[in-house]
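got a predicted model here, sequence first, then my questions.
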Amino acid sequence: MLTFRPILPEDIVWAGPSNSLERNGVRNIQPDFCFTNIFIWQQTYGSRIARFEDFVLVCHEDDEAVFALLPAGRGDLAAALRAMREYAGSRQLSFYSVPPAMRDQIEEVFPGCVTFAASRPNYDYILDMQTFLDLPGSTYQKRRYELRHFARQMPSAAFTPMTPADYEDVRSFMAEWCSHYSGEDKSGIQAESLALEAALTHYDALGLMGGVLRAEGQLLGFSIGSPLNPSVLCGHIQKARHDIRGAFFTVAHEFARMYGSAYRWLNCEDDLGQPGLRAAKLSYHPAWLEEKYMACLKSQSLCAEQLA
């Protein structure tokens with residue numbers, strides 16, 4: 001029987017990039033399978049981790065349902081999927097953030113027992129790094145103007161690598177950001193604050209990359225990310241002043257300039273279905289949107305009857 005437990009920073013040694021989804025033979029471009037992302041968001045989702053042979057298993061659960069990432073690693077994927085089915089028992093088992101290329105593999109293990117639903121709010125925005133750095137042609141004219149406008153308005157502004165000396169200002173900036181939200185929007189921002197705190201507390205252990213935008217010593221924005229693999233850089237948390245035109249895009253662009261030259265792609269993660277965030281990320285003209293699906297399994301008893 002599988003045993004799930006809280007995720008620890010030191011788990012990165014065995015559950016990090018070496019045990020990625022790519023070892024299932026699938027391109028791993030999703031931050032959902034990035035150890036850093038899993039770790040910093042575990043307090044919000046109640047995520048826990050287990051090991052099955054050479055597979056990393058991650059799930060959150062309650063008395064009625066188990067929500068899991070696909071097993072990531074090397075070996076008998078079918079056995080790992082069945083182990084999750086056995087662990088769920090009579091509870092509903094669903095796999096979230098399923099890449100299109102994995103749908104057939106799940107269906108092969110549970111024929112006729114799986115329904116798939118597209119999860120558009122969770123699609124990732126994948127940018128061509130060099131194009132994003134160069135901002136060429138008329139397509140990016142407005143974005144180039146934003147950068148120039150910000151530079152004219154804030155001539156003393158500079159984007160520098162994040163260090164421990166910046167952490168308290170970053171925390172205060174996030175607290176101020178939270179104060180402008182209420183209701184469901186505020187709960188989402190508060191969850192992001194918990195993720196930020198985990199990131200700052202374990203910044204070095206998680207191999208994070210970050211930068212801060214300051215003018216005259218005042219923090220105007222920040223960005224934190226990490227590599228997903230040798231070709232993909234992920235941006236995890238990014239914030240900037242609402243009231244300063246071009247500040248947000250300047251943070252995004254400067255982060256890519258500072259850390260992105262060694263990577264082919266920049267994953268800007270999802271939009272959570274928020275119209276403003278969706279419009280902003282679409283305006284970056286992504287190379288493509290990385291589709292994700294929810295795979296819901298029928299109950300164990302129904303599957304047993306169907307497969308008998």
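Thanks, I have the structure now. Numbers count the residues shown, from 1 in each chain.

please enumerate the helices of this structure.
Remark: helices assigned in the chain by DSSP state H are 12-15, 35-40, 42-45, 77-88, 103-109, 129-134, 141-153, 167-178, 183-201, 247-259, 275-282, 300-307.

out of those, nearest to residue 2?
Set against residue 2 and scored by Cβ to Cβ, the helices of the chain come closest in helix 77-88, at 4.6 Å. To be clear about C-beta, it is placed using only N, CA and C from the backbone, and glycine gets the same treatment.

could you say what helices and strands that closest one packs with?
strand 48-52, strand 55-61, strand 65-68, strand 92-98, helix 103-109, helix 300-307 (3 or more Cβ pairs under 8 Å, 6 or more residues apart in numbering; DSSP states H and E).

tell me what the fifth one is packed against?
Here helix 103-109 touches helix 77-88, strand 114-118, strand 293-297, going by 3+ Cβ pairs under 8 Å, 6+ apart.

dump these into a markdown table; add mean pLDDT as well.
As requested, the helices and strands packed on helix 103-109 are exported to a markdown table (pLDDT from 0 to 100):
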| stretch | mean pLDDT |
| --- | --- |
| helix 77-88 | 96 |
| strand 114-118 | 96 |
| strand 293-297 | 96 |
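
thinking again about what came up before, got the helices and strands packed on helix 77-88 as a markdown table, with distance to residue 168 columns?
Converted to a markdown table, the helices and strands packed on helix 77-88 look like this (distance: least, Cβ to Cβ, whole Å):
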| stretch | distance to residue 168 |
| --- | --- |
| strand 48-52 | 30 |
| strand 55-61 | 31 |
| strand 65-68 | 35 |
| strand 92-98 | 33 |
| helix 103-109 | 45 |
| helix 300-307 | 50 |
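
between the ones you listed, which gets nearest to residue 156?
strand 92-98 (41.6 Å).

and that closest one, how far from the chain's centre?
16 Å (Cα atoms, centre = their mean, to the nearest Å).

related to what we said a few turns ago, which of the helices of the chain is buried the deepest?
Most buried of the helices of the chain by mean neighbour count (mean count of other Cβ atoms under 10 Å) is helix 35-40; its value is a mean of 25.

out of the helices and strands packed on helix 77-88, the one nearest residue 186 is which?
strand 55-61 (21.7 Å).
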